[in-house]
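Engineer: Okay, predicted coordinates and the sequence, questions at the end:
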Amino acid sequence: MWLFSLGHSLVSVCSLRTTLCVRLKSNVVATAAVFLAARRVGVPLPSQSPWWELFEVSEKEMRRALRVMIGMYKRPKAENVEVNPH
């Protein structure tokens, strides 16, 4: 369950801080999120066959999404800006 939660959090943050979720298909974004979440918590993914192909995602597509997601975490943390200061 924690893997699902972490993957969901990655997609949520990504949708708020990037345009990835509107530029790529949802299965591509989800596959990248699963990959990152599994790496972060140390869950091994199948190594014998390309598991992402089960979701109709190419390795190239997944890597493209991964670059954006990883890049998002390299940027400075977003700050809240008051819109109507009084």
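Structural biologist: Nice, thanks for sending it over. Numbering: from 1, shown residues only.

Engineer: need the next SSE after the strand or helix carrying residue 21, C-terminal direction.
Structural biologist: Using DSSP states H and E, residue 21 falls within helix 20-23. Downstream of helix 20-23, the first helix or strand assigned by DSSP H and E is helix 26-41.

Engineer: Next SSE downstream of that following helix?
Structural biologist: Note on helix 26-41: by DSSP H and E, the next helix or strand toward the C-terminus is helix 59-74.

Engineer: The helix holding residue 21 packs against which elements?
Structural biologist: Helix 20-23 sits against helix 2-17, helix 59-74, with contacts defined as 3 or more CB pairs under 8 Å, 6 or more residues apart in numbering; DSSP states H and E. The way it works is simple: take the backbone N, C-alpha and C, and place the C-beta from them, glycine included.

Engineer: again, 10 Å this time
Structural biologist: Contact analysis of helix 20-23 by 3 or more CB pairs under 10 Å, 6 or more residues apart in numbering; DSSP states H and E lists helix 2-17, helix 26-41, helix 59-74 as its packing neighbours.

Engineer: ok, the residue nearest to the spatial centre of the chain to residue 51 distance?
Structural biologist: Geometric centre of the chain, nearest residue: residue 33, 3.6 Å, by CA atoms, centre = their mean. Counting by CB to CB, to the nearest Å, the gap from residue 33 to residue 51 is 14 Å.
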